[in-house]
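Engineer: following is a predicted model, sequence given first.
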Amino acid sequence: MTPSMHPNFELVRSVLPMLDTVGIALFAASGALAAAKLRQTLVTFTFFAGVTGTGGGTVRDLLIGAPVFWLHDNRPIFVCLAAAILIYATPRHWWRERALDWFDALGLAAYAVFGAWKALAYGIPPLPAFAMGVVTSCVGGIIRDVLAGEPSILLRPEIYVTAAALAAGLFVALSLLGVDPFVAAGVGALAGFILRALAIARGLALPAYRR
Amino acid sequence: MTPSMHPNFELVRSVLPMLDTVGIALFAASGALAAAKLRQTLVTFTFFAGVTGTGGGTVRDLLIGAPVFWLHDNRPIFVCLAAAILIYATPRHWWRERALDWFDALGLAAYAVFGAWKALAYGIPPLPAFAMGVVTSCVGGIIRDVLAGEPSILLRPEIYVTAAALAAGLFVALSLLGVDPFVAAGVGALAGFILRALAIARGLALPAYRR
Amino acid sequence: MTPSMHPNFELVRSVLPMLDTVGIALFAASGALAAAKLRQTLVTFTFFAGVTGTGGGTVRDLLIGAPVFWLHDNRPIFVCLAAAILIYATPRHWWRERALDWFDALGLAAYAVFGAWKALAYGIPPLPAFAMGVVTSCVGGIIRDVLAGEPSILLRPEIYVTAAALAAGLFVALSLLGVDPFVAAGVGALAGFILRALAIARGLALPAYRR
């Protein structure tokens, strides 16, 4: 069970939790906004925030055989609770119609990169590490949509999974080429976010299957 | 992977399986009743009973890194099978309209406490142990509702997650204060069940978000 | 965590990945066909193919405590990608209305046997090994249906879970009786497939609950 460690694993381990926290907060906020749409109670806000915020990272850790992050650290749960209370306690008009999509977009880009990064740090080969970045970054939104009884975000016409694939793919490819992982992470996350942003703002979509 | 053991881990390990069995039977019965509502076959009854009965404990064990309980013991599967056959073979009018809710309520209270207890016994800190009691006690009902294509129990107006939080929270808090864990478990489960019972019987609900 | 190895574990380990690959390809194709029905993009085809193709085996490996197969091998992901491209690039009429059901039926029979086999090889007792064959062979189809927002295949009137139970049950029973595992696997998978085929072709169904 000892992961064959990546050389910069120690560094990554000190930085990843911080980056992870950002992803958690963003997905947690998107979960709380989904609960707000459904006019739920504060407890349900917190549950949605918690499950959406930690779902992707939980799947990631289970798959790569890492200890599940939120079971050994108090911060993730506090972050989810804070996001739920923030959304519950502030006026609805602070959060525009598409705020959920924007939080989700940021969380998607962050998790796609960090999921792939943590996988590489645990000695997972590049292709599965890339795939895991994609899958786990989409899990938060999928769980939120399934819980809320909404059609999955995966089925909306605009680009979604593709943005996660771009972020994770750029990060893994640049890392393989020897680029500093922090630079690779920044480039990947930014590119993925921009692509998803174009999808939200302009309805950018891939050609659908029409045979 | 060796859990840093709680002092009374040996005692807990001899008692938990029995308590676990009760939670399994209750959730399994609620799963079989969901299959009955859908006029399914005995095999589907058993599948629903099994997945609903073992789902919460499976998630709990995966998250805390424990061996998944039903893979190393024949009892859980027999219990689910027995629950499925009981519901299938007995007259429908034995099981009132809300029997599913009552079985679910008992399972919820039991799993909230036992999930948190097993987590503490595996050395998980109090806050995540509490959260895991809440999450895993709700998983059985969520899986059942998703499989049955019903709106999730989480979204019904009455108190649900809150009851799980009360049960797990009381148990963890009392344990931290030095109360005997069996007393703490009894108090927590009873309080959580009473709260959920008020929700079922009187429609008790938290204020919903209305901004 | 070292599994108490079955005598023929080495042999199984060299053969299982090949058989696993067949199950992955079939479920992946059924996932891609579900995406085609929904007129999705190539990326969504690939995501559906990947999640449906690897979902059952992922759950199996997590439950028995094995390293998740697709994280340590490049083949599974290539197979899913190839299945997605094949379905996307070929004329729709090549794939008849019920092609999804037939791919799913083959995948179901294969995974029911291989899931139980791998569990036995990891020292899981017969009854849980049987149950795990059933559960994990149904997971691929369940995930696909939940993602696609379709009513779960579990709820259709025709025989589905029963076919998985027949395949896994025959394999485990014959293995216990000392039959060569490759023969037992062949008999189990064939019997399960024939039963499911009768369900697809002739609507064969168990009696439903009608009290």
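Structural biologist: Now that the structure is in, tell me what you want to look at. Numbers count the residues shown, from 1 in each chain, chains lettered A, B, ... in the order given.

Engineer: shaky segments in chain A?
Structural biologist: Residues of chain A meeting the criterion pLDDT under 70: A:1-17, A:19, A:96-97, A:210-211.

Engineer: quick one: name the residues of it near chain C.
Structural biologist: Selection of chain A residues close to chain C by Cβ under 8 Å from any Cβ of the partner chain yields A:1, A:62-65, A:119, A:124-125, A:127-128, A:131-132, A:134-135, A:138, A:142, A:146, A:151-152, A:154-155, A:159, A:161-162, A:165, A:205-211. Using the backbone N, CA and C atoms, a C-beta is placed for each residue, glycine as well.

Engineer: in helices only, show me the residues you listed.
Structural biologist: A:62-64, A:119, A:127-128, A:131-132, A:134-135, A:138, A:142, A:146, A:161-162, A:165 (DSSP state H).

Engineer: could you point out which of those residues is nearest to B:Gly31?
Structural biologist: Of all these, A:Val146 has the smallest distance to B:Gly31: 17.9 Å, by Cβ to Cβ.

Engineer: and for that closest one, the neighbour number?
Structural biologist: Using other Cβ atoms under 10 Å in any protein chain shown, the number of residues around A:Val146 comes to 17.

Engineer: mind listing what it touches?
Structural biologist: Listed by Cβ atoms under 8 Å, 6 or more residues apart in numbering or on different chains, the contact partners of A:Val146 are A:152, B:146, C:146.

Engineer: equivalent analysis for A:Ala197, please.
Structural biologist: So A:Ala197 contacts A:Ala105 (Cβ under 8 Å, 6+ apart).

Engineer: look up how far A:Ala184 lies from it.
Structural biologist: Counting by Cβ to Cβ, to the nearest Å, the gap from A:Ala197 to A:Ala184 is 20 Å.

Engineer: and for A:Ile194?
Structural biologist: From A:Ile194 to A:Ala184 the distance is 16 Å (Cβ to Cβ).

Engineer: strands of chain A, start to end?
Structural biologist: Per DSSP state E, chain A carries no strands over any range.

Engineer: spell out which residues of it are next to chain B.
Structural biologist: A:1, A:35-36, A:38-47, A:50-51, A:58, A:62, A:67-68, A:70-74, A:77-78, A:88, A:91-92, A:146-149.

Engineer: who touches stretch A:134-145?
Structural biologist: With Cβ under 8 Å, 6+ apart, stretch A:134-145 has contacts from A:27, A:30-31, A:34, A:48, A:51-53, A:55-57, A:59-60, A:63, A:104, A:107-112, A:115, A:151-154, A:160-161, A:164-165, A:167-168, C:47, C:50-51, C:147.

Engineer: let's see 7 Å
Structural biologist: A:27, A:30-31, A:34, A:48, A:51-52, A:55-56, A:59-60, A:104, A:107-108, A:111-112, A:115, A:152-154, A:161, A:164-165, A:168, C:51 (Cβ atoms under 7 Å, 6 or more residues apart in numbering or on different chains).

Engineer: how about A:Ala168, nearest residue that isn't a chain neighbour?
Structural biologist: A:Gly133 (3.0 Å; Cβ to Cβ, 6 or more residues apart in numbering or on different chains).

Engineer: would you map the helices across chain A?
Structural biologist: A:9-37, A:42-64, A:75-89, A:99-121, A:126-148, A:161-176, A:181-202.

Engineer: the residue nearest to A:Thr54 when sequence neighbours are not counted and A:Phe45, how far apart?
Structural biologist: Distances taken as Cβ to Cβ, 6+ apart put A:Trp70 closest to A:Thr54, at 5.0 Å, once the chain neighbours are dropped. Using Cβ to Cβ, A:Trp70 is found at 18 Å from A:Phe45.

Engineer: count the residues that sit near the residue nearest to A:Thr54.
Structural biologist: Around A:Trp70 there are 27 residues (other Cβ under 10 Å).

Engineer: so it is in contact with B:Phe130, correct?
Structural biologist: No - in this structure, A:Trp70 is not within contact of B:Phe130 by Cβ atoms under 7 Å, at 11.8 Å.
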